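Undergrad: Take a look and give me a structure for this.
(2 chains)
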2 protein chains.
Amino acid sequence: MSLKESSPIRVNPDLRKEREKASFNISELTYIIDRGEDKTNRRRYLVSLALNDPDFNETNMNFLSRDEQYSSVVRRSVHIVQKLRKMKLTDLKDQFIYKAAALRGHGSIFAIHDLMLIPMLQNFATDEQKKIFLSKALNYEITGTYLQTELGHGTFVRGLETTATYDPEHQEFVINSPTLTSTKWWPGMLGKSANFAVVMAQLYSKGKHCGLQSFLVPLRSFEDHRPLPGVTLGDIGPKFGAESNDNGFCRFDHVRIPRINMLSKYATISPSGIYSAPVSDKIIYGAMVLTRITLVAAAARVLSFGCTIAIRYSAVRRQTELTPGGEEPQIIYYQSQQLKLFPPLATAYAFLFAAHNIRDRCDQIQDDIIAGNMSSIQELHGLSSAMKGFSSLSATSWLETLRLSCGGHGYSHASGFPNLYTNATALVTVEGEYSVMMLQTARYLIKCISMATSGDKLPSLALYLTSPPPAKCSARSSTDFLNLDLLVDAYTHRAFRLVSVAGKTLQSKIVSGKPHHIAWNESHIELLKAAEVHSHYYVVKNYVNSVKQLTMSQPLKSVMISLCQLYALHGIQQSAGDFLQDGYMNGNQIAMATEQMLLLLDVIRPNAVALCDAFDVPDELLGSILGRYDGNVYENMYLWAKSSPLNKTEVHESYYQYLKPMLKGSKL
Amino acid sequence: MSLKESSPIRVNPDLRKEREKASFNISELTYIIDRGEDKTNRRRYLVSLALNDPDFNETNMNFLSRDEQYSSVVRRSVHIVQKLRKMKLTDLKDQFIYKAAALRGHGSIFAIHDLMLIPMLQNFATDEQKKIFLSKALNYEITGTYLQTELGHGTFVRGLETTATYDPEHQEFVINSPTLTSTKWWPGMLGKSANFAVVMAQLYSKGKHCGLQSFLVPLRSFEDHRPLPGVTLGDIGPKFGAESNDNGFCRFDHVRIPRINMLSKYATISPSGIYSAPVSDKIIYGAMVLTRITLVAAAARVLSFGCTIAIRYSAVRRQTELTPGGEEPQIIYYQSQQLKLFPPLATAYAFLFAAHNIRDRCDQIQDDIIAGNMSSIQELHGLSSAMKGFSSLSATSWLETLRLSCGGHGYSHASGFPNLYTNATALVTVEGEYSVMMLQTARYLIKCISMATSGDKLPSLALYLTSPPPAKCSARSSTDFLNLDLLVDAYTHRAFRLVSVAGKTLQSKIVSGKPHHIAWNESHIELLKAAEVHSHYYVVKNYVNSVKQLTMSQPLKSVMISLCQLYALHGIQQSAGDFLQDGYMNGNQIAMATEQMLLLLDVIRPNAVALCDAFDVPDELLGSILGRYDGNVYENMYLWAKSSPLNKTEVHESYYQYLKPMLKGSKL
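TA: Model prediction:
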């Protein structure tokens, strides 16, 4: 059952007409997005379970203080655990859907417990450790978080300062924060919720540094939840978004834990303190790759939310008469508005297909990951880093354009955009900051260049480095730019050229005698560009493959091809310099590409609302008055405003204390 | 006395060293920014008055609820009025500085009263009306706001639905909100504060529509501050930023006001209801222009704040060893970081000089404005619209780059960025939404083209439309790109070409038989581009003029020239396609321009912190731990976090109700 069909609603006539114009079957596209009708049905079932459960109701979170928001999330998180048990809902994907709906997109206080602590115990604990810790964790008798970043240390993990010094006499580790900057900082659910943590710390044994290891450290008393002796912790204060998350800080003052508390499936320490290193230090790759894949899907998802809000609202909002006394058109009519709405819509689908593709690649090499086979994992790692960076920055930047496209009302929390953006923009920074991700990708690409030079087989996504397309774009007419292969060629050529430029720039600096790290730093601009255009190439190529290969009815395929063309042409128009600089295209070709892009806006217009509807986001999860499915925007904005906390009283208490004495009861 | 010199402080050694590297005298630049040493001294005096006044102290606003923030602003706003009176501080610029410092950048609840209501009474009220209303307003016996936008109507003012129907029998106007969408929406200080308003409404008399007029309407009782009969009003709820502002809504149910309450200096209505129109309907131009000029200065200001925070922090933050075991460098070392920091720094100065220039132009034609002479005002109107749009979008987009350059810590309210951005981004929308501003600018440019065609004299800023520079860039070597005139030529050529393209596109659609409004809409992309490149041209040209013409010591001049070069070259690199498309530059020239841009990063690096210090923003106004003048970031982040409201108790109350029953007092 579709959520939309459950209750008859009066739909804003402008929005209804937009829907009537659609040339394709919305459900067909929703099934593709969900990757199967059965999956759509399952998702809708799970979502409706959560949405219809009164235990998950909450008044408007926008009207609550941080403290109240936190309490609400604690309440619902606990309910979720209980209900999942009761319903015996054990599939992780099912759980993910159910939780997101129950929490209306907020994070559970057990999110890091579920996504990090438990997998870490499963993958890096010995059987003995599992016996002690895993069942308790699965049972939520301990609730944990993961402490890595410190006040003074983020990206550069080896720079972490927290120490774990082995004391062979007592067979204990002493966990310590030797400096202020070693204070653990940012971990989610650390401030108030977790009573337990995996702590990344520098291991010292027998006076020797044995690298970074993971330690299981109780943080709060299991009796009364008070911080344990030697543990100072708290909330780090309000943030741009993620208000309900008690991201925290934590300092250790020589806290002692037993020897068994070092995760020891790979690295071990003997009772006397002899350290044994794991075979590979890349064990953790798998988890990191998985997380980044999730973030690509998240970028697609937030963008689909933003498009849904702005496009539906643009169909409802009317402004500025075109001819004196004429009717004001829906703002979706304006070309300038379409340029803010349709390219991000095309981007949302681009990232969605990219996320599908990366997930498939990941599934295909699951066995390699488990076996620690590094070659195919490295390709996936390169791709997931690139796409994590590329998709998060692109999606969040579009979100702001979409918000601004809603004019003043986009600025209100009623639009949903403030929450959407402030939470989404974290994607650019978390789990690998943008520039770090892109430079990492560049390092991988430079490696591919040298592999190519020495005749080694290149990973499939970098094959273009040895077999680039022709050096001139073959388009002769404007319609040639609708040719999908021609578009892929353009992006391939651009990637080939700019990755090569980066390689040559770096090489020339090294040849001129600069140390590698200086040459590298001085080539950042070319390296970042290389990573960006490589990512862009991948997205376009995968988009084209997807719309070509997916089984779709002709009407739907036609729409998806237009979207794909728009995505590629918009990129060419925006980065025209990249295609012009070496003469791959000439100015006339850029003009033709732009002309086609504008024609595509008209092609997409009748399907714009339907393409958003296909994302199938229930109003409760969209959290936007402007983006309501029924388009009844103004009535509901008015109701929303009336319930604003400042309206509880007609006269604010500050009047009596401050304003009244000044106004002196003046009469006119 | 500089605020910085008032107390000896221990400065972070990295930041101290950066300051020691500066090649110019910071005060000299501060005087230029303030436009005179006397002005700097006056500003510092006024700011210190406010900062040292305990009545303006407030605990960290980030830790307060909206309700508490509002109360704090009410308290301080009332104090400000009293203190200004006591000190007899009547100069409006003095007041502006003092208020901003007393409120730490928040808006006074009398901001619209001071900036809109009083000027409107001064300029549009008859002497009789002034007697009744102006003295009371100046005395804050009435406190007003300005009601224009409605729930369903923003940009298109003529579409407003609120009506004022004249009733000759009672000699009263009946103010009415006939529909839900006519509800007045967004006005600042409307929800709880104001008891009075200027209301824009459609006047009807004798059954005829007499256009939009301004009416003086009491909203709340002067006795007890309750909404008056027929007036429904309230706060519109939480927003992205501006949390302490009670932006409100208001509906009128046949509210009657006397005939004298229509602002009648120009438009009048006789007792019997005969309407007389003003000579020109462009009377309101002056106020609009002044507001937009203020917003250009505001864009420069927010960007100067953002640069100060991110650049100081980048000098303090260290990350990632370059060579194994080596020291982690300050992140300002990295080229990728410099690309996020220095172009916006150059932009902040670009907009600052633009704001100075527009202000000077405005002062020069004050007499014209008062006399209603429209020709020079139209040029200023065109320029202020263009720059309002261009500067606000550029500045706020850079703010996000700057925030992201601070990594995770930029996401915390401790960085100051969340407040800075959410308040600054409103600049893109308020007082003329970006696309509307740019299309308005384009309309002006198209008019200039037709003036040129018919041989009329062009305004000075559009003269390039008749005398463009040569069709090829003359640069032969990389250093040629340091030639300021060559850079101006490049931007002039680009503006000439793309404004012409817009004109031709529009013209060809009209010639092909399309109605003007359809041709206009289908040319939006070219028109927006025309307005953008015209604005960019103006900014570059004015930047070059400023650094050439301002009296400066040689060391300072040298730094400012580098900044100006960076601004222009960064624009070329970012929009390379614009310069390549018609062959004005070739690919090699773009590469040379980029090379010079990168070399300039090294030139600016030693002065980066000093260039921020010159903005002279006291820590109390900067509101950022990361950007503190003393660079003692980590200690103060820790103190800040510890005082977060969630840390009032060690164990959150939600633990007892929800978590405890689940955790079952487990033991390990």
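Undergrad: ok, the residue lying closest to A:Ile309 once chain neighbours are set aside - how many residues close by?
TA: Leaving out its chain neighbours, the residue that sits closest to A:Ile309 by Cβ to Cβ, 6 or more residues apart in numbering or on different chains is A:Gly627, at 3.2 Å. C-betas here are computed from N, CA, C, even on glycine. Counted by other Cβ atoms under 10 Å in any protein chain shown, the residues lying close to A:Gly627 total 27.
Undergrad: again, but for A:Ser415
TA: Neighbour tally, A:Ser415, other Cβ under 10 Å: 28.
Undergrad: Hmm, it is touching A:Ile625, no?
TA: Yes: contact status for A:Ser415 versus A:Ile625: in contact at 6.8 Å, counting by Cβ atoms under 8 Å.
Undergrad: Is the residue nearest to A:Ile309 in a helix, a strand, or coil?
TA: coil (DSSP: H, G, I helix; E, B strand; the rest coil).
Undergrad: any idea how far it lies from B:Ile561?
TA: Distance, A:Gly627 to B:Ile561, using Cβ to Cβ, to the nearest Å: 49 Å.
Undergrad: Could you do A:Gly241 as well?
TA: 41 Å.
Undergrad: Contact partners for the closest residue to A:Tyr275 other than its chain neighbours?
TA: Using Cβ to Cβ, 6+ apart and skipping the chain neighbours, the partner closest in space to A:Tyr275 is A:Cys210 (4.2 Å). By Cβ atoms under 8 Å, 6 or more residues apart in numbering or on different chains, the contact set of A:Cys210 is A:203-204, A:267, A:269, A:275, A:277.
Undergrad: and the closest residue in space to A:Lys660 that isn't next to it in sequence, backbone torsions?
TA: Computed as Cβ to Cβ, 6+ apart, the closest residue to A:Lys660 that is not its neighbour in sequence is B:His225, at 7.0 Å. Note on B:His225: backbone dihedrals following degrees, to the nearest 10 are phi 70, psi 10.
Undergrad: Kindly report the same for the one 10 residues further on.
TA: The phi/psi pair for B:Asp235 (degrees, to the nearest 10) reads phi -80, psi 150.
Undergrad: cool, A:Tyr584 as well?
TA: According to degrees, to the nearest 10, A:Tyr584 has phi -60, psi -40.
Undergrad: Distance-wise, check it relative to chain B.
TA: 10 Å (Cβ to the nearest Cβ, to the nearest Å).
Undergrad: What is the burial count for that residue?
TA: 21.
Undergrad: That one touches A:Ala490, doesn't it?
TA: Yes: with contacts counted by Cβ under 8 Å, A:Tyr584 reaches A:Ala490, the gap being 7.3 Å.
Undergrad: circling back to that earlier point, ok, the residue nearest to A:Lys660 touching A:Tyr655?
TA: Yes: between B:His225 and A:Tyr655 there is a contact at 5.0 Å, judged by Cβ under 8 Å.
Undergrad: rewinding a little: quick one: the residue nearest to A:Ile309 from chain B, how far?
TA: Taking Cβ to the nearest Cβ, one finds A:Gly627 at 16 Å from chain B.
Undergrad: same check, this time on A:Lys504
TA: For A:Lys504, the distance to chain B - Cβ to the nearest Cβ - is 12 Å.
Undergrad: And A:Lys509, by the same measure?
TA: A:Lys509 is 12 Å from chain B, where distance means Cβ to the nearest Cβ.
Undergrad: that older thread, let me see the contact set for the residue nearest to A:Lys660.
TA: Neighbours of B:His225 in contact, by Cβ under 8 Å, 6+ apart: A:651, A:655, A:659-660, A:663, B:195.
Undergrad: what do you get for A:Leu498?
TA: A:526, A:529-530, A:533, A:578.
Undergrad: Now it: closest residue in space that isn't a chain neighbour?
TA: A:Val533 (4.7 Å).
Undergrad: Distance from whichever strand or helix holds that neighbour to the middle of the chain?
TA: According to DSSP states H and E, A:Val533 maps onto helix A:524-549. Between the centre of helix A:524-549 and the centre of its chain there are 18 Å (Cα atoms, centre = their mean, to the nearest Å).
Undergrad: Just the CA trace of stretch A:555-563, in CSV.
TA: Coordinates of each C-alpha in stretch A:555-563 appear next as CSV, following Å, rounded to 0.1, in the frame of the first residue of the first chain:
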residue,chain,number,x,y,z
PRO,A,555,8.1,6.4,-21.6
LEU,A,556,10.2,6.1,-18.5
LYS,A,557,13.4,5.4,-20.4
SER,A,558,12.8,8.5,-22.5
VAL,A,559,12.5,10.7,-19.3
MET,A,560,15.6,9.2,-17.7
ILE,A,561,17.7,9.7,-20.8
SER,A,562,16.7,13.4,-20.8
LEU,A,563,17.7,13.7,-17.2
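Undergrad: Now that stretch: buried residues?
TA: Using 16 or more other Cβ atoms under 10 Å in any protein chain shown as the test for burial, stretch A:555-563 gives A:556, A:559-563.
Undergrad: could you list every residue that touches the residue nearest to A:Gly107 when sequence neighbours are not counted?
TA: Sequence neighbours aside, A:Asn245 is the residue nearest to A:Gly107 in space, at 5.5 Å (criterion: Cβ to Cβ, 6+ apart). The neighbours of A:Asn245, taking Cβ under 8 Å, 6+ apart as the test, are A:73, A:106-107, A:188-189, A:239.
Undergrad: In three-state terms, how would A:Asn245 be classified?
TA: Recorded secondary structure, A:Asn245: coil (three-state DSSP).
Undergrad: coming back round to it: so the residue nearest to A:Tyr275 lies in a strand, does it not?
TA: Yes: A:Cys210: assigned to a strand according to three-state DSSP.
Undergrad: before we move on, the earlier item: so what's the residue nearest to A:Ile309 scoring on pLDDT?
TA: A:Gly627 carries a pLDDT score of 98 in this model.
Undergrad: Likewise for A:Ile293?
TA: 89.
Undergrad: List, one by one, the residues from the stretch 51-200 of chain A near chain B.
TA: Contact residues (Cβ under 8 Å from any Cβ of the partner chain) of the stretch 51-200 of chain A with chain B: A:62-63, A:65-67, A:70-71, A:74-75, A:77-78, A:81-82, A:132-133, A:136, A:140-143, A:149, A:151-156, A:158-159, A:180-181, A:183, A:185-186, A:191-193, A:195.
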